[in-house]
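S.K.: Give me a model of this one.
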Amino acid sequence: MESYPRVPVELLPSDGRFGSGPSRIRKPQIDALARPLIMGTSHRKRPVKAVVASVRAGLRELYGLPEGYEVVLGNGGATAFWDAAAACLVRERAALATFGEFGEKFAKEIDRAPHLAPALRVTAAPGSLALLTGRERSADGGRPDVFAHPHHETSTGVLSPVRRLGDEGDLTLIDATSIAGAVPIDPAQADAYYFSPQKAFGSDGGLWVSILSPAAIERAAELSTAPGRWVPTFLDLSAAVRNSVKDQTLNTPAIATLVMLAEQIDWMLHMGGLSAMEARARAASRVLYDWADASSVARPFVADPAHRSPVVVTIEFDEAIDAGALSAALRSQGVVDIDPYRGVGGNQLRIATWPSTAIEDVEALVVCFDWIIERIL
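M.R.: Here you go, the predicted model:
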């Protein structure tokens, strides 16, 4: 790896955290952890239950949930929810759109489940978008009872539309891990819209959150007690629902995660809701896309502007630039976590522009890119 020159300090971003998760956390979220009788207390007592109640009510308001939809929380991250979905939401067969590492990971969980048929896949190369039609069938004519795809592929920064698929009685599951909190959706278009809080919500790990429809809640109740089907308690979505309506989780949660999540939701609502969050993220990401489009040595990895993420910008560099060396040079000066996702590779940088990311920091980052590139070419 080459060694690139150090950038003058006055050009650096004031906050150099650009990671795609965990994301930058605002100071008021950290300050909220000092609230009395929260940290180090029982998650089944009023102070912590009030935080969970605030999270659930805030998300209901933020998304304008239809009647009967529930905000459900569970221990673990999106990986735990994939396992729970395989156990409690897929009856026999699922069809999945995979266009990056995270969509493929869920498909592999379906493949490994001994009680399920192998996943049906509609695929696209990283940087492109794969779309389900809702009419997918297996070679022997078997039809899915679940259709699932990422709303946003974290590994590449490809954005997909959220729309209901299949026929009446089928479920639509949307992995919103790294886009929830950054763009509006119609929640009625999904039966499970699930995410982790350490992305746009600027919190920490150890939790999954899912907005579940009445149909998903009913399916989970059915399958958790279906004859010949074992569902571990930890993966039982019905148990997660029962605990969530009591404003708690099955096991002790990471309370700091809940506190910071609640603080971020309050901030989002105060700032104008999801439309305002999208406007902030798109303004910041546009700085990077415009820079890459105009560059002689770089380009956006996602070629179609309609599919480009507002919160994760992946930039592909020509051979003249060593992206790894560029990242290392900036990391040594406090600009961190802009490396590409490990499963995608390439001569790339991946830069997050969450709603919490100041556009001035993104503009400064571009100045740093230009300053280094001018001196090495």
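S.K.: Now Met277: closest residue in space, sequence neighbours ignored.
M.R.: Nearest residue to Met277, sequence neighbours excluded (CB to CB, 6 or more residues apart in numbering): Pro355, at 4.1 Å. For glycine as for every other residue, the C-beta is placed from the backbone atoms N, C-alpha and C.
S.K.: neighbours around that neighbour, how many?
M.R.: Burial measure for Pro355: 26 neighbouring residues, criterion other CB atoms under 10 Å.
S.K.: what pairs with Tyr194 across the strands?
M.R.: For Tyr194, the beta-bridge partners under DSSP bridges are Asp175, Ser210.
S.K.: wait, what's in contact with it?
M.R.: Tyr194 makes contact with 78, 81, 173-177, 208-211 under the criterion CB atoms under 8 Å, 6 or more residues apart in numbering.
S.K.: Between those, which sits nearest Trp230?
M.R.: Taking CB to CB as the measure, Trp230 lies nearest Phe81 of these, at 18.4 Å.
S.K.: tell me the SS of the residue nearest to that closest one when sequence neighbours are not counted?
M.R.: Across the structure, with CB to CB, 6+ apart as the measure, the residue nearest Phe81 apart from its sequence neighbours is Trp208 (4.4 Å). Using DSSP: H, G, I helix; E, B strand; the rest coil, the three-state assignment for Trp208 comes out as strand.
S.K.: Let me know whether Trp208 touches Ala80 as I believe.
M.R.: Yes: under the contact definition of CB atoms under 8 Å, Trp208 touches Ala80, with a separation of 5.8 Å.
S.K.: Which helix or strand contains Ile351?
M.R.: For Ile351, the enclosing helix or strand under DSSP states H and E is strand 348-352.
S.K.: Average pLDDT for the helix or strand following that strand, rounded please.
M.R.: Proceeding N to C from strand 348-352, the next assigned helix or strand is helix 359-376, under DSSP H and E. Across helix 359-376, the average pLDDT comes to 97.
S.K.: So Glu70 sits against Val245, correct?
M.R.: Yes: using CB under 8 Å, Glu70 and Val245 qualify as a contacting pair, with a distance of 6.9 Å.
S.K.: More neighbours: these two, which one.
M.R.: Neighbour count, other CB under 10 Å: between Glu70 and Val245, Glu70 has more, with 18 against 12.
S.K.: which residues does the more buried one contact?
M.R.: Residues in contact with Glu70 (CB under 8 Å, 6+ apart) are 211-212, 217, 241, 244-245.
S.K.: 7 Å - rerun?
M.R.: 212, 217, 241, 244-245 (CB atoms under 7 Å, 6 or more residues apart in numbering).
S.K.: Equivalent analysis for Gly346, please.
M.R.: Going by CB under 7 Å, 6+ apart, Gly346 touches 316, 340.
S.K.: returning to that earlier point: spell out which residues are contacts of both of Trp208 and Ala80.
M.R.: A shared contact of Trp208 and Ala80, defined by CB under 7 Å, 6+ apart, is any residue touching both; here these are Gly74.
S.K.: Settle it for me: which of these two has more neighbours?
M.R.: With other CB under 10 Å as the criterion, Trp208 and Ala80 differ in neighbour count, and Trp208 comes out ahead with 24 against 18.
S.K.: Take the contacts of Glu70 and keep only those in strands.
M.R.: The strands, defined by DSSP state E, take in Leu212 from the contacts of Glu70.
S.K.: Save the contacts of Glu70 as CSV, and put in distance to Ala53 and pLDDT too.
M.R.: Written out in CSV, the entries for the contacts of Glu70 read as follows (distance: CB to CB, whole Å; pLDDT from 0 to 100):
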residue, distance to Ala53, pLDDT
Leu212, 17, 98
Ile217, 19, 98
Val241, 15, 98
Ser244, 10, 98
Val245, 10, 97
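S.K.: out of the contacts of Glu70, who has the most neighbours?
M.R.: Leu212 (28 neighbours).
S.K.: how much space is there between it and Ser54?
M.R.: Leu212 sits 19 Å away from Ser54, going by CB to CB, to the nearest Å.
S.K.: Over to Phe99?
M.R.: 35 Å.
S.K.: more neighbours, those two?
M.R.: Phe99 (25 against 18).
S.K.: so who does the more buried one touch?
M.R.: Contacts for Phe99 were tallied using CB under 7 Å, 6+ apart; they are 123-124, 126, 128-130, 153, 158.
S.K.: Redo those residues as TSV? Include distance to Ala226.
M.R.: As requested, those are exported to TSV (distance: CB to CB, whole Å):
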residue	distance to Ala226
Thr123	30
Ala124	34
Pro126	37
Ser128	37
Leu129	35
Ala130	31
Glu153	32
Val158	35
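S.K.: Mind giving me the PyMOL command for buried ones among those?
M.R.: Buried residues among these (16 or more other CB atoms under 10 Å), as a PyMOL selection:
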select buried, resi 124+126+128+129+130+153+158
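S.K.: Can you tell me which of the contacts of Phe99 comes closest to Ala200?
M.R.: Proximity of those to Ala200 was ranked by CB to CB; the top entry is Glu153 with 14.6 Å.
S.K.: what residues are up against the closest one?
M.R.: Taking CB under 7 Å, 6+ apart as the definition, contacts of Glu153 comprise 99-100, 102-103.
S.K.: Sort out for me which of those residues are in helices.
M.R.: Among the contacts of Glu153, the residues falling in helices (DSSP state H) are 102-103.
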